[in-house]
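S.K.: Whatever this is, show me its structure:
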Amino acid sequence: MARIDLSDAIVKLDNASNTLTDVSGDISSVTLDYTVNGSNNYNLGSRFAFATEGGVTATITIGYYANSTASTLDDLVLAWALASTKGGARSIQIDEPDSEVGSRRYSCEVRLGGSQTAVTKTAGSGDPQIKTLTLNVDGTITVSTIS
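M.R.: Presented below is the predicted three-dimensional model:
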């Protein structure tokens, strides 16, 4: 497969009915970051360190456009975050560069994490309002090739 253009991705997130919904049209950016926890350790009298490998933590950060229309990512996030009970985990799927055969797919469960943007305004600006969504990966990230 050729190099992947930075702007090519399909993002699907569970809606309130636990149905994966394509929200790509509302998104300006998406980042999946992961960290492998580890350390370097020494024994007494040893000159060289030995390394240990721990667990993996991951977050997904999404920049998306504010939109007051029902069934948009903005609507989905507000309902999930501000529900009277905890929102629980939802499935997310990120395909790059698209959802065609041969493309790479990242799939996992996520929970809301960190601070979520509800409103951000700038006087005199004509730019669209972009909100930020931080999701904590809950469990394993599955990476596959779409067949």
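S.K.: Now do the contacts for the closest residue to Ile146 other than its chain neighbours.
M.R.: Counting by C-beta to C-beta, 6 or more residues apart in numbering, Ile146 lies nearest to Ser103, which is 4.8 Å off, once chain neighbours are set aside. Any C-beta I mention is one placed from the backbone N, CA and C, and that applies to glycine too. Shown in contact with Ser103 (C-beta atoms under 8 Å, 6 or more residues apart in numbering): 1, 95-97, 145-146.
S.K.: Quick check: the gap between Ser103 and Asp8.
M.R.: 9 Å (C-beta to C-beta, to the nearest Å).
S.K.: on that earlier part again, sort out which of the contacts of Ser103 are buried, if you could.
M.R.: 95-97 (16 or more other C-beta atoms under 10 Å).
S.K.: where's the dip in pLDDT among the residues you listed?
M.R.: Minimum pLDDT for the buried ones among the contacts of Ser103 is recorded at Pro97 (90).
S.K.: Surely it is in contact with Ser24?
M.R.: No - Pro97 is beyond contact range of Ser24, at 11.5 Å (criterion: C-beta atoms under 8 Å).
S.K.: any common contacting residues for these two?
M.R.: Counting by C-beta under 8 Å, 6+ apart, the shared contacts of Pro97 and Ser24 are Ala9.
S.K.: so where do the helices sit in this structure?
M.R.: 73-81 (DSSP state H).
S.K.: What ranges does it have for its strands?
M.R.: 10-14, 20-22, 27-41, 50-65, 90-96, 104-112, 130-137, 142-145 (DSSP state E).
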